[in-house]
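1. Need a 3D model of the sequence below.
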Amino acid sequence: MVAIIGLIMFAVSSYLALSKKMHLMVPFVVVPVIAGMLCGFSLPEVLNFAAQGVQGTFNSVLLCIFAVLYFSVLSETGMFDILVNKLVGITKGNIFIVMIVTVIVAFIGHLDGAYNTTYLIAIPALAPLYRKLNLDRRCLVLLVSLAAAPMTAMAWGQPAKMTVYDETIDPVVMASSLYPIVAIMLAAALLVAVGFGFYYSKKNAVELAQLRQSFNDNPNPKVDFSNNPNARPKLFWVNFALFIFSLLCFMFMTTVKTYVLFMVFSCAALLINYHTQAEQSQIVRKHSAVMLAPAILFLGIGVMVGVLNGTGMVTAMVDAVLSIVPTSMARWTHVLYAILILPLEIFIPYQAFQSMNPLLLGIGAGVGLSSYQILTCQCIQYLNPCSPLVAAANLACELAEVDIIKQVKFSVVFCLAFNTLGILLCVLLGLA
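-> Here you go, the predicted structure:
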C-alpha cells in the first residue's frame with residue numbers, strides 16, 4: 001500500500017510541477033505531507049520527517065544564497081563581460097571550439113566531484129558567451145552535466161561513499177577500475193558537443209557570419225559600459241585574480257564549507273569594487289530576489305525527500321519493482337536494479353535509492369559476486385543533474401537563466417542514454 005501511495009504521490013507531484021499551474025515548492029511540500037498521512041503517520045510525525053529533510057538542505061540553501069551574491073557582484077563589475085568578449089574574440093564565432101571548451105571546462109571543474117562547484121565554475125563564465133552567440137543555454141547546462149558526471153567516479157567522489165556499505169571496499173581500487181569508462185563517456189560527451197556544433201553552425205549561420213565579419217572589421221572590440229554605472233573595468237585584473245583564486249579555493253579547500261568561502265569572497269568583491277555602504281547595499285538588494293528564489297525551492301525539495309525517507313515509501317517502491325525480477329536473474333539483479341530505477345531518478349535524488357545497497361550486496365554475495373561488482377555500476381550518475389528535485393540542478397538553471405522543467409525535458413533523453421550506456425559498459429568490461 002505504501003508503494004502505491006508513493007507512486008500516486010509522484011504522479012500527482014509531477015503533473016502539478018509540469019503543468020506550471022503553481023510554484024514548484026507547492027507540490028513538493030503539500031503533496032508529500034498528504035501522502036505521508038495516507039501512509040498511516042500522524043501529522044506531527046510527517047512534519048518531523050519533513051523537518052529532517054529540510055535540515056539536510058541547509059548547506060545547499062546557504063551555498064546558493066552566497067554563491068549567487070558572489071557571482072552577481074562580479075557580474076556587476078563587468079568582469080564577465082570583458083572575459084566573454086575575450087573568449088568570443090578567441091573563438092571568432094567558431095561554434096565547435098565553444099562546445100568543446102564547454103566540455104573540457106566542466107570535466108576539469110568537476111575534479112572535486114561536487115556538481116554545485118562545477119556549475120558555479122562553468123556556467124557563469126560560459127553563459128554570457130552562449131548569449132553572445134545566440135545559443136540555447138539549455139545546451140550549456142546539458143553539456144556541463146554530461147562532462148561532469150564521469151568525474152563522480154573519482155576516488156573522493158561516489159566510490160568513497162560506497163565504503164559505508166562494505167568496509168573492505170577501497171575507493172581508489174574502485175575508481176581506477178572505472179577510468180576506461182570515464183574516458184569513453186568523456187569521448188561521448190565530446191561527440192555530443194560536436195553534434196550540437198554542426199546543428200548550430202547551420203541554424204545560426206547568419207548570426208555567425210555577421211559575428212565573424214564584425215571581427216574582421218573590428219578585431220579588438222571593446223565592451224560598452226555606458227549603461228552600467230556599477231561597472232569597474234579598470235579593476236578587471238584585480239577581480240579576475242580574485243575569481244581565479246576563489247575557484248582554486250572552491251576546488252581544493254575541501255575541509256571548509258563552500259558556502260563559508262562564498263561568504264568571504266562576496267564580502268571581498270564588495271569591498272574591492274564598492275567603497276560605500278550605499279553602493280554595497282544597492283548591489284545586495286538588486287540581487288536579493290535571485291538569491292532567495294532557489295533557496296526557497298531547495299527547502300521545499302527537502303520536505304519531499306524527508307517524507308520519502310521517513311515513511312519508507314522509497315524502499316517500498318523499490319521492493320515492489322524487485323519483486324517482479326525472476327529468480328533466475330539473480331546474477332543480474334544489481335544491473336537490472338540500476339537500469340530500472342533510472343526513470344525514477346528523474347524525480348528522486350539517486351541517493352534515496354542507496355538504502356537498497358545492503359540487500360543488493362546480500363543477493364550478489366549469494367551468487368558469488370564481489371562488492372565491487374555490485375556497486376560499481378552505481379558510481380557514475382547522469383540523472384542527478386537532470387532531476388528537478390536536486391538542488392544542484394536548480395542552481396545550474398538559475399545560473400543559466402533557464403526554466404528547470406524545460407531543462408529536464410531537454411536533457412532527459414541524453415541523460416538516460418548516457419547513464420544506460422555507462423551501466424552497460426560496466427557489464428561489457430566485466431566490472432559488474
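2. which residues in the stretch 51-200 of the chain form helices?
-> 58-76, 79-91, 95-109, 115-132, 137-148, 158-162, 171-177, 179-203 (DSSP state H, counting those that start in this stretch).
3. which helices and strands does the third one pack with?
-> When contacts are defined as 3 or more CB pairs under 8 Å, 6 or more residues apart in numbering; DSSP states H and E, helix 95-109 sits against helix 79-91, helix 115-132, helix 137-148, helix 179-203. Every C-beta, even on glycine, is put in place using the N, C-alpha and C of the backbone.
4. coming back round to it: deepest of the helices of the stretch 51-200 of the chain, which one?
-> Neighbour counts (mean count of other CB atoms under 10 Å) averaged over each of the helices of the stretch 51-200 of the chain peak at helix 137-148, with a mean of 26.
5. returning to that earlier point: would you reformat the helices and strands packed on helix 95-109 as JSON lines and include mean pLDDT and distance to T376?
-> Listed next are the helices and strands packed on helix 95-109 as JSON lines, based on pLDDT from 0 to 100; distance: least, CB to CB, whole Å:
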{"stretch": "helix 79-91", "mean pLDDT": "73", "distance to T376": "38"}
{"stretch": "helix 115-132", "mean pLDDT": "79", "distance to T376": "20"}
{"stretch": "helix 137-148", "mean pLDDT": "91", "distance to T376": "19"}
{"stretch": "helix 179-203", "mean pLDDT": "90", "distance to T376": "9"}
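6. Go through those helices and name the closest to V173.
-> helix 179-203 (11.4 Å; CB to CB).
7. Name the surrounding residues that touch the closest one.
-> With contact meaning CB atoms under 8 Å, 6 or more residues apart in numbering, helix 179-203 is reached by 95-96, 98-100, 102-103, 107, 133, 135, 139, 143, 146-147, 149-151, 153, 208, 380, 414, 418, 421-422, 425-426, 429, 431.
8. Tell me how far it lies from the chain's centre.
-> 18 Å (CA atoms, centre = their mean, to the nearest Å).
9. Over to stretch 295-308?
-> 16 Å.
10. Flag every buried residue along that stretch.
-> Within stretch 295-308, the residues scored as buried using 16 or more other CB atoms under 10 Å are 295, 297-308.
11. follow-up on the earlier one: okay, the helices and strands packed on helix 95-109 in TSV with distance to S323 next?
-> Listed next are the helices and strands packed on helix 95-109 as TSV, based on distance: least, CB to CB, whole Å:
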stretch	distance to S323
helix 79-91	52
helix 115-132	33
helix 137-148	33
helix 179-203	30
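12. quick one, which of these is nearest to M313?
-> With CB to CB, the closest approach to M313 among those belongs to helix 115-132: 24.9 Å.
13. Distance from the closest one to the middle of the chain?
-> Worked out by CA atoms, centre = their mean, helix 115-132 lies 12 Å from the chain centre.
14. and it, what does it pack onto?
-> By 3+ CB pairs under 8 Å, 6+ apart, helix 115-132 packs against helix 58-76, helix 79-91, helix 95-109, helix 137-148, helix 236-252, helix 391-400.
15. and the longest one with helix 391-400, angle?
-> Think helix 58-76. Note on geometry: by axes from the mean of the first three to the mean of the last three CA atoms, to 10 degrees, helix 58-76 and helix 391-400 are set 10 degrees apart in direction.
16. Just the angle for helix 58-76 relative to helix 115-132, thanks.
-> 30 degrees.
17. residues contacting F262?
-> F262 is in contact with 63, 66-67, 69-70, counting by CB under 8 Å, 6+ apart.
18. which SSE is it in?
-> helix 258-273 (DSSP states H and E).
19. between that helix and helix 58-76, how big is the angle?
-> If you take the same axes, to 10 degrees, helix 258-273 sits at 20 degrees to helix 58-76.
20. So what does L135 look like in phi/psi?
-> When quoted as degrees, to the nearest 10, the phi and psi of L135 stand at phi -100, psi 150.
21. Next: V390.
-> Torsion angles, degrees, to the nearest 10, at V390: phi -100, psi 130.
22. Tally up the residues packed near it, please.
-> For V390, the tally of surrounding residues (other CB atoms under 10 Å) stands at 25.
23. Test for you: state the pLDDT assigned to it.
-> pLDDT, V390: 77.
24. Repeat that for the one 3 residues further on.
-> Looking at A393, its pLDDT stands at 85.
25. Mind checking the helices of the stretch 51-200 of the chain for the one nearest to Q373?
-> Smallest distance to Q373 across those (CB to CB): 10.0 Å, for helix 171-177.
26. list the helices and strands that closest one packs on?
-> In terms of contacts (3+ CB pairs under 8 Å, 6+ apart), helix 171-177 is packed against helix 158-162, helix 371-375.
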